[in-house]
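**Student:** Structure for the following, please:
(2 chains)
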Amino acid sequence: MTGRSPSNLWTMARLGNRIRGISRLSPTATAGVIIILLFGVLALFSDMFMPHDPVSSFTDRILQPPSAQHWFGTDGNGMDVFSRVIYGAKFGFGIAIPAVIIAVLIGVPVGLIAGYRGGLLDEVLMRIFDGLRVFPSIILALAVVAATGQSLLNVVLVLGFLDSPVFARLVRSEVLALRSSIFVESAIAAGNPTWRILFLHLLPNSIQGAMAQTAVRAAWAVRISATLAFLGVGIQAPTPEWGAMIRQGAEFMVSGQWWVAIFPGIALILLVFGLNLFGDGIQDILDPRRRVSK
Amino acid sequence: MNFSHFIFRRTLMVIPLLVGVVFLTFMLVRVGGLDPVGLLAGPTATAEEFKMIREELGLDQPLWKQFVIYAQNVIRGDLGESWLSNRPVLDDIMARSLISLELLFWGIGIGTLIGVPMGLRAAFRPNGRFDQTTRILSLLGFSIPTYWLGLVMLFVFFYLLRWAPPGMGRISLMISPPDFITGSYLIDSLLTADWRAAHSALAHLILPVICLAIVSAAPIIKQTRAIALEVIASDSVRYARACGLQTRTVRSIVFKNSATPIITFVGTEITGLVGTMSLIEYVFAWGGLGQYGLNAIVRGDFTAVQGYVLTLALFSVLVFLVVDIIIAIIEPRVDLS
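**Tutor:** Presented below is the predicted three-dimensional model:
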């Protein structure tokens, strides 16, 4: 690939226009993408950015304030906070992405089938979802992780599972609206098997709303997983995860060593904020009703 | 249609949901295959003792039978005993509920008083400077971890400025709490004219309430704006405008028409906020139900966790019910039948 052939230039120019068009449509979404990409680079290439090992302690430099050597200071174990904050990005993405994928993989088929079949199955599922809604999500996540076993894998599974109703509901309501439309009826009349109707005809037409939610749900997953770690459920210190780091720094906040907890908190806010910005912008772009005429 | 009849039937409709809630709470502990027997029996227990404890807890029964027993106990108000302290869970919860309600009341009250006007103002001039700013601010509010905000507040207002008391409890240890009237230290001490206690209670309340208000205002701003925008686009408001009514009058029409969905939204928000609040309690050592529940979760005290989760869910169901009744009162369009 030379990358300089006219057709390539043409596609690149078109891509550039496309990006400019989108960024004009929603500057907030663009800002969100930039923040997410920055953290993505930190997570993927953290080795290049970390000045120290995130879990090796300098026993002679415990709780040192930010300096040229340790930009964000050192924590109670003498570990470099800057390196740990950078490494923490790995946990942010490493938990949120698989959790959202699991939520989609469970929620979307459930929503498809419930919406298409209707009847008792649909009724029962919706009642269960209604029941789940009266529990605060953070408490439910905490209690289920604590009950089913405290491992990183389990945190991912539980978050994905608990978040799946969001996607199931969205897809279901779309399918309900599409179920009796002509293209579905003709697909049935043409003798398509049910799975074909579900996954080839209904799925592409009903998934847009659910996809638009993924960024916001990823933000939720990052936030909740950090909260779990803050409470010491699922992820334990001294794992360089942001929530766990805030937990370690909590006791030092009232004695003046602010840097241990402040920096991981800022990183956490930025990533969640970026995901929320992106998700909010995407929903604006995809849903014309949300756009306000100027 | 008779109003009390409506309330009665609306209350009956809650029953299937309650059964579901009790079932989910029951499954919460069973799903993990947790074995309380090991915890209760200790390391030196014999197989005989294990079997005895199993039978005592009813764990040798089939699952559905265990659920029936659990549901019966819940109906009788028996939430079991804490595995760790051996105290009845219901007593612990009752003692702490009011303490949490005080925080929740002020937090949501202030959050709503900030959020609704800001959301309305943003909607009156969409895409204006105020709208853009509040949009970013509310997204930021969505993104800030509550516990971190609490810690930062303690650092700034307790450690640096010395304005606030340390984040420990609801009143200074040096001051005796006021007599029990409503359960709120602030209101009780004001009622009994105990100014020193009132001052201390207020000082302890401010930081956690600000945290909760910020967290609750963010979604309220966003939703109020969306609701008001929809109302503004409706035919009735367009007609009001076309009639040449003053902007103020039109805005009050918009507010009235948005009130119902906003109240519904705030009601559903309370569910999530109760969870958020527990983290604030945890950071400020508030000593309420939230802190109790989180400690139970962290320590693996699952009867207490069950009781806590069940209480929160029942509270949400109650809030939904009250919201429906309030709406039926203020909204002439609701058909009571």
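**Student:** Tell me which helix or strand the closest residue to chain A within the stretch 151-300 of chain B sits in.
**Tutor:** The stretch 151-300 of chain B approaches chain A most closely through residue B:275 (2.8 Å), counting by CB to the nearest CB. Backbone N, C-alpha and C define where each C-beta goes, glycine included. Element membership for residue B:275 (DSSP states H and E) is helix B:247-284.
**Student:** That helix: which residues count as buried?
**Tutor:** Buried residues in helix B:247-284, defined by neighbour count with 16 or more other CB atoms under 10 Å in any protein chain shown: B:250-251, B:253-255, B:257-284.
**Student:** Could you count how many residues lie near the residue in the stretch 51-200 of chain A that chain B sits nearest to?
**Tutor:** Taking CB to the nearest CB as the measure, the stretch 51-200 of chain A has residue A:136 as its residue closest to chain B, at 2.8 Å. Applying other CB atoms under 10 Å in any protein chain shown, we find 25 other residues in the vicinity of residue A:136.
**Student:** Next, the contact list for it, please.
**Tutor:** The contact partners of residue A:136, by CB atoms under 8 Å, 6 or more residues apart in numbering or on different chains, come to B:271-276, B:278, B:312, B:316.
**Student:** which non-adjacent residue is nearest it?
**Tutor:** residue B:275 (2.8 Å; CB to CB, 6 or more residues apart in numbering or on different chains).
**Student:** Tell me the pLDDT of the nearest residue to residue A:138 once chain neighbours are set aside.
**Tutor:** Closest residue in space to residue A:138, ignoring its immediate chain neighbours: residue B:275 at 4.0 Å, by CB to CB, 6+ apart. Per-residue confidence for residue B:275 comes out at a pLDDT of 92.
**Student:** same thing with residue B:5?
**Tutor:** Per-residue confidence at residue B:5 stands at 83 (pLDDT).
**Student:** which stretches of chain A form helices?
**Tutor:** Assigned by DSSP state H, the helices in chain A fall at A:6-25, A:27-44, A:46-49, A:81-117, A:119-133, A:137-148, A:152-178, A:182-189, A:194-196, A:203-206, A:208-230, A:242-253, A:259-286.
**Student:** repeat for the stretch 51-200 of chain B
**Tutor:** Taking DSSP state H, counting those that start in this stretch as the test, the helices found in the stretch 51-200 of chain B are B:63-75, B:89-124, B:129-143, B:146-153, B:185-191, B:195-232.
**Student:** for the chain, which residue is closest to the average position?
**Tutor:** Picked chain A for this. residue A:218 (1.4 Å; CA atoms, centre = their mean).
**Student:** I was thinking of chain B, sorry if that wasn't clear
**Tutor:** Taking CA atoms, centre = their mean as the criterion, residue B:274 is the residue nearest the geometric centre of chain B, at 2.6 Å.
**Student:** That one is in contact with residue B:316, isn't it?
**Tutor:** Yes - Residue B:274 sits in contact with residue B:316 when judged by CB atoms under 8 Å, with a separation of 7.3 Å.
**Student:** quick one: the residue lying closest to residue A:79 once chain neighbours are set aside and residue B:22, what's the gap?
**Tutor:** With sequence-adjacent residues excluded and distances taken as CB to CB, 6+ apart, residue A:79 is closest to residue A:57, at 5.1 Å. When distance is defined by CB to CB, to the nearest Å, residue A:57 is 48 Å away from residue B:22.
**Student:** Give me the more crowded residue out of those two.
**Tutor:** residue B:22 (20 against 17).
**Student:** tell me which element the more buried one falls in.
**Tutor:** Under the criterion DSSP H and E, the helix or strand holding residue B:22 is helix B:14-30.
**Student:** Which residues outside that helix are in contact with it?
**Tutor:** Outside helix B:14-30, the residues within contact range by CB under 8 Å, 6+ apart are A:127-128, A:130-132, A:134-135, A:143-144, A:147, B:63, B:66-67, B:70-71, B:74, B:302, B:305-306, B:309-310, B:313-314, B:317, B:321.
**Student:** Tell me where the model's unsure across the chain.
**Tutor:** With no chain named, the answer covers chain A. Confidence mapping of chain A against pLDDT under 70 gives the ranges A:1-7, A:22-23, A:287-294.
**Student:** not quite, I wanted chain B
**Tutor:** Answering for chain B: the residues below the bar, that is pLDDT under 70, span B:1, B:31-44, B:57, B:334-337.
**Student:** one more time with 80, if that's ok
**Tutor:** For chain B, applying pLDDT under 80 flags the ranges B:1-3, B:29-63, B:83-85, B:167-169, B:171-184, B:331-337.
**Student:** what separates the closest residue to residue A:25 other than its chain neighbours from chain B, distance-wise?
**Tutor:** Computed as CB to CB, 6+ apart, the closest residue to residue A:25 that is not its neighbour in sequence is residue A:285, at 5.4 Å. Remark: distance between residue A:285 and chain B (CB to the nearest CB, to the nearest Å) = 15 Å.
**Student:** hang on, residue A:285 packs against residue A:27?
**Tutor:** No - with contact defined as CB under 8 Å, residue A:285 and residue A:27 do not form a contacting pair (11.4 Å).
**Student:** got the contact list for the closest residue in space to residue A:194 that isn't next to it in sequence?
**Tutor:** Among residues not flanking residue A:194 along the chain, residue A:116 sits closest, at 7.6 Å (CB to CB, 6+ apart). Applying CB under 8 Å, 6+ apart, one finds that residue A:116 lies in contact with A:175, A:179, A:194, A:197-198, A:202.
**Student:** just the helices of the stretch 51-200 of chain B: most buried one?
**Tutor:** Among the helices of the stretch 51-200 of chain B, the stretch with the highest mean neighbour count (mean count of other CB atoms under 10 Å in any protein chain shown) is helix B:146-153, at a mean of 24.
**Student:** Cool, thanks, talk later.
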